[in-house]
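>>> Sequence below, structure please.
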Amino acid sequence: MAFFYILYSSIKDRYYVGSTHHDVESRLYRHKIHHKGYTGQTDDWRVVYKEFYEEYSKALQREKEVKAWKSRKKIEEIIRTVG
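Now for the predicted structure:
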């Protein structure tokens, strides 16, 4: 079980794209605790989109695909597909 996910911070007005071997909620918790990484700077991150994959390698592949776009517009289009 694996997930590709997109987080949003209203404080930063930014999206974060990631993947995980575990459930997204436990991963979100680790993003929100204060640490030196990008998501550790604020604690208002929330899950705005997620996709389930049987294999982590597929979730990671999707993460890399979306990150390669470097496009907020395309990320927002993905999110709108579930809204």
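>>> Regarding this protein, what is its longest helix?
Longest helix in the chain, counting residues (DSSP state H): helix 56-69.
>>> What helices and strands are in contact with it?
Secondary structure elements in contact with helix 56-69, counted by 3 or more Cβ pairs under 8 Å, 6 or more residues apart in numbering; DSSP states H and E, are strand 2-9, strand 14-20, strand 46-53, helix 72-80. For every residue, glycine as well, the C-beta is placed using N, CA and C.
>>> May I see these organised as a markdown table, with mean neighbour count, distance to residue 35 and mean pLDDT added?
Converted to a markdown table, those look like this (neighbours: other Cβ atoms under 10 Å; distance: least, Cβ to Cβ, whole Å; pLDDT from 0 to 100):
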| stretch | mean neighbour count | distance to residue 35 | mean pLDDT |
| --- | --- | --- | --- |
| strand 2-9 | 21 | 15 | 97 |
| strand 14-20 | 19 | 13 | 96 |
| strand 46-53 | 16 | 18 | 96 |
| helix 72-80 | 13 | 23 | 96 |
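>>> Save those as JSON lines, and put in distance to residue 62 too.
Conversion of the helices and strands packed on helix 56-69 to JSON lines gives the following (distance: least, Cβ to Cβ, whole Å):
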{"stretch": "strand 2-9", "distance to residue 62": "4"}
{"stretch": "strand 14-20", "distance to residue 62": "7"}
{"stretch": "strand 46-53", "distance to residue 62": "6"}
{"stretch": "helix 72-80", "distance to residue 62": "10"}
